[in-house]
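# Based on what follows, work out the 3D shape:
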Amino acid sequence: MSSQKKIKTALVSVFHKDGLDEILTQLYRDGVVFYSTGGTQTFIESLGMPCRTVENLTGYPSILGGRVKTLHPKVFGGILNRRDNPTDKQQIKEWDIPEIDLVIVDLYPFSETVASGAPEADIIEKIDIGGISLIRAAAKNFNDVVIVASKNQYGALNQLLTEKGANSTLDDRKWFAKEAFAVSSGYDTAIFNYFDGTTPKTDELNDTTYFRQAYDKVMPLRYGENPHQKGVFYGDFDALFKQLHGKEISYNNLLDINAAIDLISEFDELTFAVLKHNNACGIASRPTVKAAWEAALAGDPVSAFGGVLICNAPIDAMAAEEINKIFLEVIIAPAYDADALEILKQKKNRIILVLKNGGIAGQARNDGSVGTKTGAGADCHCVAGCDPQSHQQSPDNHTVQFRSLLNGALVQDKDLSIQTKADLKTVTVKSPTAAQVDDLLFANKLVKNTKSNAIVLAKDKQLCASGVGQTSRIDALKQAIAKAHEFGFDLNGAVMASDAFFPFPDCVEVAKQAGITAVIQPGGSIKDDLSIEYCNNNDLVMVTTGVRHFKH
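Residues are numbered from 1 along each chain as shown. Sure, this is the predicted structure:
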């Protein structure tokens, strides 16, 4: 039996009608009979096309405030009957049930209603019942029925009708069914996550929950981490960034971009960072973009080659001239002056991104200083496509992290803990100066975003060097000291940050010999006293935070 099927009847009930008129026109031209309800019926009839009402088909009006409209055997029998099954054919003839060959339906905007901050009663009413049932029924019976479950499939249906008229193959119908189940599963995931996030946890019900995630946006990548690996990004990259220039973004670019966003979000003052393989090789806070860039680059001008750059203030022409002197993969900023953009575009493959929702509260003035931003979009320097309101939002509202592991997923709360002066506990006789406190907090933000085991050395709000991803803390420190000396940093008066406690006093001993004068660490080792005692005997300052920042 041929898999080709003729569409003779269509049930259409949608909220989104943009682009629907062209589809309806093609169907009507091919003699398709329409069934519909409410506003969609009115829309179809406004195009001069006849439309049969679902109420007349079922013999029941829409009831319970619209909660029950299409939930009826005459509707679902028309969709689910198997055209090649004699018993099904006999039953729909007995009960006068018309075959329905095409279902075009969409769902109540549940996620949008949640995002709007609507009260719970309104959110619950946006849990679609009839629509989701129609989708599942039509998708299940893809042998005979075409299902269009979202406006995102209007284009595909329009193409099918243009190329084949009101006809479809089994492959066509199975593709639409696959898309439909993606819609329904994503919708149910959103509903579950709402209930999971709002249902009170009790001892009786336990705190155990389930893990559900769904992403509708797909960004194909050239390859994965290496050329022999396939790679895809699932997520709405364009919601966070506007790409102004450059080549296609890669898997590794995305990893570095994510690390860059996590790092720069720690800083309120004007800060510039350079990252390589998810770790900062240079970062500095300065009054101007140009000064911040030069200080960041000094941290490791070798590793900066081919790196990812990020700044939380608009890039001006003076800074762009200096930045343009090195090869870089990606640059990210909340905005670019027009002259700066022209300079940075001189390298055709350079990826230039606008962080749509980011940037410090103060936007750079023409003289390079930072001024207070008093209203949404005030003094906005965005090049194109700017939504002024977006400046007031966080660039990333995700608070949960997960990764595939073994035969499952590992899930945790994102590390959003940022220590302030009030969180510091001085554990030595000597207390830090105001300048040391600034450097200690700067270094602590950086070590939090560095692969463990990690040690960061900083001075005057500039990264001198870091020891990254070492199997022992003392090795991380030795790596940092050697690197600082390689690039000409004077570590006398610098501070040291550790992502975890010191199990032995060896790190503070080596730090002292290198010129370090102040140390910040979580504390919590059973041998803390050994490190503290050494600091007291050698005129070192130590503060603890009580918060460990492992990053693996």
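
# Which helix or strand contains C464?
strand 463-467 (DSSP states H and E).

# cool, and A291?
Here A291 sits within helix 289-298, counting by DSSP H and E.

# and if you look at M318?
Going by DSSP H and E, M318 is part of helix 317-323.

# Relative to the whole chain's centre, how far out is whichever helix or strand comes after that helix?
Per DSSP H and E, the first helix or strand lying C-terminal to helix 317-323 is strand 328-333. Mean-position distance between strand 328-333 and its chain equals 18 Å (Cα atoms, centre = their mean, to the nearest Å).

# Strand 328-333 and the helix holding A291, what's the angle between them?
Helix 289-298 and strand 328-333 are oriented at 140 degrees to each other (axes from the mean of the first three to the mean of the last three Cα atoms, to 10 degrees).

# Report the inter-axis angle for helix 289-298 versus strand 463-467.
Per the same axes, to 10 degrees, the angle that helix 289-298 makes with strand 463-467 is 30 degrees.

# before we move on, back to that, flag every buried residue along the helix holding M318.
Judged by neighbour count using 16 or more other Cβ atoms under 10 Å, the buried positions of helix 317-323 are A317, M318, A319, A320, I323. No exception for glycine: its C-beta is placed from N, CA and C like everyone else's.

# C-alpha coordinates for it, CSV please?
C-alpha atoms of helix 317-323 as CSV (Å, rounded to 0.1, in the frame of the first residue of the first chain):
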residue,chain,number,x,y,z
ALA,A,317,38.4,53.3,19.8
MET,A,318,41.5,53.9,22.0
ALA,A,319,41.1,50.4,23.5
ALA,A,320,40.3,48.8,20.1
GLU,A,321,43.5,50.1,18.6
GLU,A,322,45.5,48.3,21.3
ILE,A,323,43.3,45.1,21.2
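
# when you give positions from now on, start the count at 98
With the count now opening at 98, the last piece we talked about shows up as helix 414-420.

# And it, what does it pack against?
Here helix 414-420 touches helix 386-395, helix 435-441, going by 3 or more Cβ pairs under 8 Å, 6 or more residues apart in numbering; DSSP states H and E.

# Direction included, what does the following helix or strand past the last one pair up with?
The one in question is helix 435-441. Sequence order places strand 448-452 as the next helix or strand after helix 435-441, per DSSP H and E. Each strand paired with strand 448-452, and its direction, by DSSP bridges: strand 338-342 (antiparallel), strand 425-430 (parallel).

# which residues of the chain score low on pLDDT?
Along the chain, the parts satisfying pLDDT under 70 run over 98-99, 297-305, 455-495.

# most distant residue from the middle of it?
Farthest-out residue of the chain from its mean C-alpha position, per Cα atoms, centre = their mean: E191, at 53.1 Å.

# that older thread, sheet-wise, list the partners of the strand holding C561 with their directions.
Using DSSP bridges, strand 560-564 pairs in its sheet with strand 552-555 (antiparallel).

# what comes into contact with the strand it pairs with?
Strand 552-555 has contacts (Cβ atoms under 8 Å, 6 or more residues apart in numbering) with 536, 539-541, 543-544, 547, 560-564, 570, 573-574, 576-578, 581, 586, 588, 591-596, 604, 613.

# Check the separation of the first and last residues in stretch 105-120.
With Cα to Cα, to the nearest Å as the measure, the ends of stretch 105-120 fall 14 Å from one another.

# Mind listing what's buried along that stretch?
T106, A107, L108, V109, S110, V111, K114, L117, I120.

# ok, now stretch 189-205?
Buried, per 16+ other Cβ under 10 Å, within stretch 189-205: 189, 194-205.

# follow-up on the earlier one: what two of the buried residues of stretch 105-120 have the greatest distance between them?
Taking Cβ to Cβ, the two most distant members of these are T106 and K114; they sit 19.8 Å apart.

# from the buried residues of stretch 105-120, which is closest to P431?
Looking across these and measuring by Cβ to Cβ, the closest to P431 is K114, at 36.3 Å.

# Run a quick neighbour tally on the closest residue to H113 other than its chain neighbours.
Computed as Cβ to Cβ, 6 or more residues apart in numbering, the closest residue to H113 that is not its neighbour in sequence is K248, at 4.1 Å. Neighbour count of K248, defined by other Cβ atoms under 10 Å: 16.

# Can you give me the distance of K248 to P206?
Distance of K248 to P206, given as Cβ to Cβ, to the nearest Å: 12 Å.

# go on, P216?
Counting by Cβ to Cβ, the gap from P216 to P206 is 15 Å.

# So those two - more neighbours on which side?
Counting neighbours by other Cβ under 10 Å for P216 and for P206 shows that P206 has the greater number, 14 against 8.

# Please list all residues in contact with the residue lying closest to the more buried one once chain neighbours are set aside.
Excluding the flanking residues, the one nearest P206 by Cβ to Cβ, 6+ apart is K223, at 6.2 Å. Counting by Cβ under 8 Å, 6+ apart, K223 touches Y205, P206, F207, T210.

# Which SSE is immediately downstream of the helix or strand hosting the last one?
Right, the one you point to is T210. Per DSSP H and E: T210 is located in helix 207-212. With elements assigned by DSSP H and E, the helix or strand that comes after helix 207-212 is helix 217-222.

# Who are the packing partners of that following helix?
helix 207-212.

# hmm, who's touching the helix it packs on?
The list of residues contacting helix 207-212 from outside it, by Cβ under 8 Å, 6+ apart, reads D219, I220, K223, I224, D225, Y284, A287, I288, Y291.

# Does L507 belong to a helix, a strand or coil?
Secondary structure, DSSP: H, G, I helix; E, B strand; the rest coil: L507 is strand.

# Nearest residue to it in space, ignoring adjacent ones along the chain?
R500 (5.4 Å).

# helix/strand/coil for that neighbour?
Applying three-state DSSP: R500 is strand.

# Run a quick neighbour tally on it.
Neighbour count for R500, taken as other Cβ under 10 Å: 9.

# any idea how far it is from C148?
50 Å.

# can you pull the contacts of V130?
Contact analysis of V130 by Cβ under 8 Å, 6+ apart lists K105, T106, A107, R149.

# hang on, the third one packs against Y132?
Yes: distance between A107 and Y132: 7.1 Å, which falls inside the contact criterion (Cβ atoms under 8 Å).

# anything in contact with each of those two?
Counting by Cβ under 8 Å, 6+ apart, the shared contacts of A107 and Y132 are I197.

# Give me the spatial nearest neighbour of A336, chain neighbours excluded.
Among residues not flanking A336 along the chain, K453 sits closest, at 7.4 Å (Cβ to Cβ, 6+ apart).

# quick one: that neighbour from P619, how far?
Distance from K453 to P619, counting by Cβ to Cβ: 34 Å.

# before we move on, what about A277?
As judged by Cβ to Cβ, A277 and P619 stand 50 Å apart.

# likewise F112?
From F112 to P619 the distance is 51 Å (Cβ to Cβ).

# cool, N589 as well?
N589 sits 26 Å away from P619, going by Cβ to Cβ.

# Please say which of these two ends up with more neighbours.
P619 (20 against 10).

# how near is the nearest residue to H646 once chain neighbours are set aside to A381?
Distance criterion Cβ to Cβ, 6+ apart; nearest residue to H646, sequence neighbours excluded, is K545 at 3.9 Å. As judged by Cβ to Cβ, K545 and A381 stand 17 Å apart.
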